[in-house]
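Engineer: What would the 3D arrangement of this be:
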Amino acid sequence: MNHTTTLAEIRSQSQASRLSAIEAYRAKPNADKLLMALRQCADQALRDLLVHLPLPKGAALAAVGGYGRGELYPYSDVDLLILLPHEPTAHDEAALSALVAAMWDIGLEPGCSVRTVEQCITEARGDITVETSLLETRWIAGSRKLTQALHQRMTEHLDARVFFQGKRAEMQQRHARYQDTPYSLEPNCKESPGGLRDLQVVLWVAKAAGLGTSWENLGRKGLATEFEVKQLKRNEDALALIRTRLHLAAKRREDRLVFDLQHAVAQSLGLGVEKDGTLNARAASEALMKRYYWAAKAVTQLNQILLLNIEERLNGNTQVLHPINERFADKAGMLEVTSDDVYVNNPHAILETFWLYESTVGISGLSARTLRALYNARSLMDGKFRADPVNREMFMR
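Structural biologist: Coordinates of the predicted model:
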């Protein structure tokens with residue numbers, strides 16, 4: 001069997017597995033299962049390829065980034081790290097060039113870097129994007145020992161506080177590129193405020209701090225309530241579903257809900273169908289965007305709460321409370337409720353929160369405890385709340 005035939009067979013088998021996974025998803029939609037199935041397809045294709053084009057002795061092939069996390073959207077890049085035990089020889093370089101070329105030949109679109117463990121650490125020191133990507137390294141083939149050595153060196157290298165500050169600054173810059181709003185007309189469901197990236201940031205900083213790698217872990221550590229864990233998972237699933245359908249509708253890597261694709265995505269989700277079975281295109285697009293905006297809003301709020309909780313955990317919850325009144329205190333420049341049920345016991349305090357935030361000297365934000373209490377008090381703000389003269393007066397103030 002010649003080299004070309006081998007590559008053609010691997011490509012054919014990989015494409016068949018990929019199409020089978022997508023058809024199974026169309027029959028019974030479950031974004032998590034599809035992303036895992038596509039990841040497994042790519043893993044298997046790479047392992048089959050390495051039988052014919054092996055790695056240099058002692059090397060390892062690892063997945064990084066989203067692929068390392070175990071997620072592979074229908075048209076996402078396959079991010080890879082070829083980990084070497086030493087500097088490559090001329091023979092190694094030739095073999096690796098042939099291997100990467102063959103990855104393209106079998107239908108993958110690899111983003112591939114070739115480094116030693118020490119080179120990985122050096123790159124991570126100078127680039128937080130590389131550092132984040134390496135945080136999610138997952139072994140695929142070759143030397144497990146070398147991959148474990150990278151995990152160990154990354155653990156030794158990471159400074160959780162520095163990493164937290166870097167990721168928060170990076171997130172703020174990203175939000176600014178999208179006008180700091182989750183409500184743009186053509187949002188990016190991955191990068192816009194309230195998108196999937198905001199959820200990933202929380203898990204990245206939690207992992208770097210040794211606080212867990214899942215929403216359930218954060219719940220067990222006391223960083224998220226049971227209700228918040230459910231909300232996180234529910235809205236993550238909603239965004240993942242929309243992004244998956246967006247890729248399939250565009251038939252390419254596309255994370256923006258552009259006008260030209262909104263109708264196709266909405267239709268694939270069964271939105272906008274009238275009682276008589278006809279499709280209302282405008283109603284479908286509006287229903288899709290309403291669903292997206294609800295998820296993005298919730299993610300934005302939960303992202304704030306959890307990042308503040310993690311920051312407090314990293315810095316130590318030792319700030320002295322300076323009372324403002326019986327309901328609120330100044331906690332290191334953050335407005336803190338004096339009890340978790342302050343809004344339940346006194347709904348008027350909801351609008352008072354924002355009045356104090358604006359009028360109290362030295363207050364620069366709302367604490368995690370306050371944000372969480374507000375988030376859990378949303379149902380109190382009904383018609384009766386809005387008609388209350390005390391609330392109306394405070395609103396006008």
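Engineer: who are the neighbours in contact with residue 188?
Structural biologist: By C-beta atoms under 8 Å, 6 or more residues apart in numbering, the residues touching residue 188 are 178, 195, 255, 256, 257. C-beta here means a position set from N, CA and C on the backbone, and glycine is covered the same way.
Engineer: so what's the backbone phi/psi at it?
Structural biologist: Phi and psi for residue 188, reported as degrees, to the nearest 10, are phi -90, psi 110.
Engineer: For it, give the beta-bridge partners.
Structural biologist: In this entry, residue 188 is beta-bridged to residue 256, by DSSP bridges.
Engineer: Give me the distance between it and residue 335.
Structural biologist: Taking C-beta to C-beta, to the nearest Å as the measure, residue 188 falls 32 Å from residue 335.
Engineer: next one: residue 186
Structural biologist: Using C-beta to C-beta, residue 186 is found at 35 Å from residue 335.
Engineer: How about the contacts made by the residue nearest to residue 268 when sequence neighbours are not counted?
Structural biologist: Using C-beta to C-beta, 6 or more residues apart in numbering and skipping the chain neighbours, the partner closest in space to residue 268 is residue 245 (4.9 Å). Contacts for residue 245 (C-beta under 8 Å, 6+ apart) come out as 265, 268, 269.
Engineer: just to revisit the earlier point, between the contacts of residue 188, which has the most around it?
Structural biologist: Among these, the one with the most neighbours (other C-beta atoms under 10 Å) is residue 195, at 27 neighbours.
Engineer: Could I get the pLDDT score of that residue?
Structural biologist: pLDDT, residue 195: 98.
Engineer: Could you check the pLDDT of residue 124?
Structural biologist: Predicted confidence (pLDDT) at residue 124: the value is 96.
Engineer: That one contacts residue 131, correct?
Structural biologist: Yes - Residue 124 lies in contact with residue 131 (C-beta atoms under 8 Å); the separation is 3.9 Å.
Engineer: quick revisit: between residue 186 and residue 335, who's got more neighbours?
Structural biologist: Comparing residue 186 with residue 335 by other C-beta under 10 Å, the one with more neighbours is residue 335, at 23 against 13.
Engineer: Any idea how many residues pack against residue 241?
Structural biologist: Residue neighbour count, defined by other C-beta under 10 Å, stands at 21 for residue 241.
Engineer: what's the answer for the one 5 residues further on, then?
Structural biologist: The local packing of residue 246 (other C-beta under 10 Å) involves 26 other residues.
Engineer: so where's the stretch 201-350 of the chain uncertain?
Structural biologist: By pLDDT under 70, the weakly predicted segments of the stretch 201-350 of the chain are 275-279, 317-318.
Engineer: hey, where'd the helices end up in it?
Structural biologist: Using DSSP state H, counting those that start in this stretch, the helices found in the stretch 201-350 of the chain span residues 215-220, 226-250, 259-268, 281-315, 342-345, 349-359.
Engineer: contacting residues for the nearest residue to residue 373 once chain neighbours are set aside?
Structural biologist: Nearest residue to residue 373, sequence neighbours excluded (C-beta to C-beta, 6+ apart): residue 337, at 5.1 Å. By C-beta under 8 Å, 6+ apart, the contact list for residue 337 reads 327, 328, 343, 349, 353, 367, 369, 370, 373.
Engineer: Tell me which other helices or strands whatever helix or strand residue 62 lives in touches.
Structural biologist: Per DSSP states H and E, residue 62 falls inside strand 60-63. Judged by 3 or more C-beta pairs under 8 Å, 6 or more residues apart in numbering; DSSP states H and E, strand 60-63 is in contact with helix 31-52, strand 78-84, strand 138-142, helix 144-157.
Engineer: Residue 299 and residue 197: what is the separation?
Structural biologist: Taken as C-beta to C-beta, the span from residue 299 to residue 197 is 10 Å.
Engineer: More neighbours: these two, which one.
Structural biologist: In terms of neighbours (other C-beta under 10 Å), residue 299 is the more surrounded of residue 299 and residue 197; the figures are 26 against 22.
Engineer: Can you get me a residue count around the nearest residue to residue 223 once chain neighbours are set aside?
Structural biologist: Excluding its sequence neighbours, the residue lying closest to residue 223 (C-beta to C-beta, 6+ apart) is residue 309, at 4.7 Å. When neighbours are defined as other C-beta under 10 Å, residue 309 has 25 of them.
Engineer: and if you look at residue 326?
Structural biologist: Residues near residue 326, counting by other C-beta under 10 Å, number 11.
Engineer: Tell me who's in contact with it.
Structural biologist: residue 338.
Engineer: Just want the phi and psi numbers for it.
Structural biologist: The phi/psi pair for residue 326 (degrees, to the nearest 10) reads phi -70, psi -10.
Engineer: Look up how far residue 361 lies from it.
Structural biologist: 19 Å.
Engineer: And residue 350, by the same measure?
Structural biologist: Remark: distance between residue 350 and residue 361 (C-beta to C-beta) = 22 Å.
Engineer: Tell me which of the two has more neighbours.
Structural biologist: The residue with more neighbours, out of residue 350 and residue 361, is residue 350; 19 against 5, by other C-beta under 10 Å.
Engineer: so the more buried one sits right up against residue 381, yeah?
Structural biologist: Yes - with contact defined as C-beta under 8 Å, residue 350 reaches residue 381; the gap is 6.6 Å.
Engineer: Show me the shaky parts of the stretch 1-150 of the chain.
Structural biologist: Within the stretch 1-150 of the chain, the segments meeting pLDDT under 70 span 1-5.
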